[in-house]
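Participant: would you be able to build a 3D model of this:
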Amino acid sequence: MKNIVLIGFMGTGKSSIGKSLALRLGRSFVDIDHAIENAEQMSIPDIFAKHGESYFRAVEKKICAAAAARRNAVIATGGGTVKDPDNLAVLRKSGLIVCLTADVDTILERTRRVGQRPLLDAHGSDGAERRKAISDMLEARRDIYACADYTLDTSDKTPLLVIDELMRHLKARGI
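Facilitator: Numbering: from 1, shown residues only. Presented below is the predicted three-dimensional model:
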């Protein structure tokens with residue numbers, strides 16, 4: 001059976017929705033960011049601080065390929081995983097791509113804790129600067145996220161509502 005791959009910007013719910021969706025479907029769950037942290041034995045902010053983004057992306061590429069090789073899994077990607085065309089291609093080949101989205105205010109609220117999101121933390125904790133960074137990154141990734149087979153906005157929805165919507169969509173697709 002094909003995988004269900006969750007892509008989207010940070011703070012859209014990929015990890016929490018993915019874990020619950022996997023439980024509901026009786027599938028295994030792979031969180032690429034957590035797999036990277038386990039492989040490197042350090043947090044993503046520490047990987048960025050110690051080794052830089054290019055090192056992180058190289059590790060991410062290996063983990064992504066390993067996750068895509070699985071079957072019957074729900075895979076939650078990192079927000080920038082699919083910026084790499086090779087990652088996107090291997091994930092697309094492995095299954096259905098679902099993009100979770102949210103509006104800028106929702107993302108700003110969900111990612112407000114400094115120290116957890118290296119790419120946002122580079123823009124400080126000031127709301128206006130962080131908001132602009134989110135807007136700019138969303139714009140830069142718009143075409144990448146648009147490649148999804150299905151897109152679902154999580155802004156004003158509880159995780160349960162998001163999962164119910166996803167389940168209806170998957171059922172309609174025969175998954």
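Participant: what about the host helix or strand of Ser15, average pLDDT?
Facilitator: Following DSSP states H and E, the helix or strand that holds Ser15 is helix 14-25. Helix 14-25 comes out with an average pLDDT of 95.
Participant: and stretch 94-108, by the same measure?
Facilitator: For stretch 94-108, the per-residue pLDDT values average out at 93.
Participant: now do the SS call for Leu6.
Facilitator: Assigned with DSSP: H, G, I helix; E, B strand; the rest coil, Leu6 falls in the strand class.
Participant: that one against Gly18, yeah?
Facilitator: Yes. Contact criterion Cβ atoms under 8 Å: Leu6 and Gly18 qualify, at 5.0 Å. Where you see a C-beta, it was placed from the backbone N, CA and C, and this is true even at glycine.
Participant: shared neighbours, those two?
Facilitator: Taking Cβ atoms under 8 Å, 6 or more residues apart in numbering as the contact rule, Leu6 and Gly18 both touch Val74, Ile75, Ala76.
Participant: who are the packing partners of the helix holding Ser15?
Facilitator: The helices and strands touching helix 14-25, judged by 3 or more Cβ pairs under 8 Å, 6 or more residues apart in numbering; DSSP states H and E, are strand 3-7, strand 28-31, strand 73-76, helix 159-172.
Participant: buried stuff in it?
Facilitator: Under the neighbour-count criterion of 16 or more other Cβ atoms under 10 Å, helix 14-25 has Lys14, Ser15, Ile17, Gly18, Lys19, Ser20, Leu21, Ala22, Leu25 buried.
Participant: tell me which of the residues you listed is nearest to Leu160?
Facilitator: Closest approach to Leu160 among the buried residues of helix 14-25 (Cβ to Cβ): Ser20, at 8.1 Å.
Participant: leaving out chain neighbours, which residue sits closest to the closest one?
Facilitator: Ile163 (5.5 Å; Cβ to Cβ, 6 or more residues apart in numbering).
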